[in-house]
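Visitor: sequence first, predicted model second:
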Amino acid sequence: MAEANLVVTYDPAHAGKAKEEINVMLESLKAKATFLDSDVEGLFLLNAQSPKEITKKLNTKSNAKKFNYTFHWVPIDKWCSSKLED
């Protein structure tokens, strides 16, 4: 999971459509990302070139109606352990 820098949530019943939606959104922004293996249903892990820029550009009113199958696009700065010390 440490390689992923963009997390996208979706309805597990529509995984195929959600993946298509992600690809269309990324193509419209001319952004590149690689899908990584995820053990969690409803969660796509991606490795993108600039995840903060992607989410910033997607966060516009013109894009609001384009989201039918994905819910949250979360850029990740750093992964850490769930231990309190970390």
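Guide: Good, I have the coordinates. None of these values were measured; they are calculated from a predicted model.

Visitor: make it CA atoms for all contacts and neighbour counts henceforth
Guide: Will do.

Visitor: which strands or helices does the lowest-mean-pLDDT helix or strand in the chain pack on?
Guide: Within the chain, no helix or strand scores below helix 51-58, which has a mean of 93 by mean pLDDT, DSSP states H and E. Where contact means 3 or more CA pairs under 8 Å, 6 or more residues apart in numbering; DSSP states H and E, helix 51-58 is packed against strand 70-75.

Visitor: what's the strand it packs on packed up against?
Guide: strand 6-10, helix 15-28, helix 51-58.

Visitor: what's in contact with the second one?
Guide: Residues external to helix 15-28 that are found in contact with it (CA atoms under 8 Å, 6 or more residues apart in numbering): 10-11, 32-33, 42, 54, 67-70.

Visitor: go on, the last one?
Guide: Counting contacts by CA under 8 Å, 6+ apart, the residues outside helix 51-58 that touch it are 5-6, 26, 29, 31, 73-76.
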